[in-house]
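K.L.:
Okay, structure incoming, though there's no sequence with it:
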């Protein structure tokens, strides 16, 4: 089942799954999903997430769920709970730290249920998670890990809404094994992501959570490029986070996003790749640097999520909470269309 198939990314995944000969059930909270299902000649189901009994009925007969309806901070928990109750493998395309932490906290329950729980099987966080795992292999005693990416493909409505929530929560990084809150744009440095050196700032990306479970490295930061003006604006936003987080303001911004943000079209997705970078350092000061160029984030989310779906349809891994690299290996990203070689120096 693809839940949220009528959303921007969910529809891309549904169309590619059908092209590959898969026959997913398309589902969502809105009956709009029925239109896409009719076009693709697929079964559809319409149900919300606020009624656990209805949710269980909606998952009846489903062995594997790919959850694409965000914001996942609100939708992932009831869906994970329903999947554990119905022994349905759970995948999603989130990048939200709180979702990864909740999923990992359910590891023992998932193990006993024989259910795989693996959030983040898209651009959030397959490339950076694979880079983290490869760096851990290259430098096993690493104590510090920095990850980052340079992407220009723009936002879908769902990603934009999630980003607004993130602004209100501030920055996050992992320090001595613990996730700590820090101001937005807390650290700034110059990084060559693969296309030349750029100024970059820290963001609260999902690897602050997942890279810890993939590598055990206790200190983790994630960076994206930012102009001096962008970094200054992010730092100024620290003074207004209380206002950004006020529910009426959140609703107003998200409503505007819903009307104005459409997501990149196919032509733009094909043109714009993504540079992914990572750096591991140990206590002796030895540094290893990794780089890979991949397809744009949305195209990688389509192919990455379906790679995990097809793996679970073929294999029967033990139940438990996973990260993408722990489920399919650190070379997963290199096997996806549009990816180059993962180099480590």
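P.N.:
Done, it's in. Worth saying up front: this structure is predicted, and the values here are computed from it rather than measured.

K.L.:
in the stretch 151-300 of the chain, which spans are helices?
P.N.:
Along the stretch 151-300 of the chain, counting by DSSP state H, counting those that start in this stretch, helices occupy 157-169, 207-215, 228-237, 241-244, 247-260, 266-271, 297-314.

K.L.:
List the buried residues in the third one.
P.N.:
By that I understand helix 228-237. 231, 234, 237 (16 or more other CB atoms under 10 Å). (Each C-beta comes from the backbone N, C-alpha and C, glycine too.)

K.L.:
Contact partners for the spatially closest residue to residue 295 that is not a sequence neighbour?
P.N.:
Among residues not flanking residue 295 along the chain, residue 338 sits closest, at 2.8 Å (CB to CB, 6 or more residues apart in numbering). Contact partners of residue 338, counting by CB atoms under 8 Å, 6 or more residues apart in numbering, are 273, 294, 295, 296, 299, 300, 303.

K.L.:
on that earlier part again, which of the buried residues of helix 228-237 has the weakest pLDDT?
P.N.:
In terms of pLDDT, the lowest of the buried residues of helix 228-237 is residue 237, showing 83.

K.L.:
Just confirm that residue contacts residue 171, I think it does.
P.N.:
No - the pair residue 237 / residue 171 is not scored as a contact, 10.5 Å apart, by CB atoms under 8 Å.

K.L.:
Between these two, which contacts overlap?
P.N.:
residue 184.

K.L.:
Relative to its centre, which residue of the chain is most distant?
P.N.:
For the chain, the largest distance from the centre (CA atoms, centre = their mean) belongs to residue 284, which lies 32.4 Å off.

K.L.:
quick one, phi psi at residue 66?
P.N.:
Residue 66 has phi and psi values of phi -110, psi 110 when expressed as degrees, to the nearest 10.

K.L.:
returning to what we had before: ok, so what distance separates the residue nearest to residue 295 from residue 169?
P.N.:
According to CB to CB, to the nearest Å, residue 338 and residue 169 sit 31 Å apart.

K.L.:
Work out which residue lies at the spatial centre of the chain.
P.N.:
Nearest to the mean C-alpha position of the chain, counting by CA atoms, centre = their mean, stands residue 124 at 2.2 Å.

K.L.:
Identify the residues contacting stretch 111-120?
P.N.:
Stretch 111-120 is contacted from outside by 72, 76, 80, 83-84, 87-95, 99-100, 103, 106-107, 110, 126, 129, 206, 210, 308, 312, 317-324, 327, using CB under 8 Å, 6+ apart.

K.L.:
In stretch 316-327, which residues are buried?
P.N.:
Residues of stretch 316-327 classed as buried by neighbour count (16+ other CB under 10 Å): 319, 320, 321, 322, 323, 324, 325, 326, 327.
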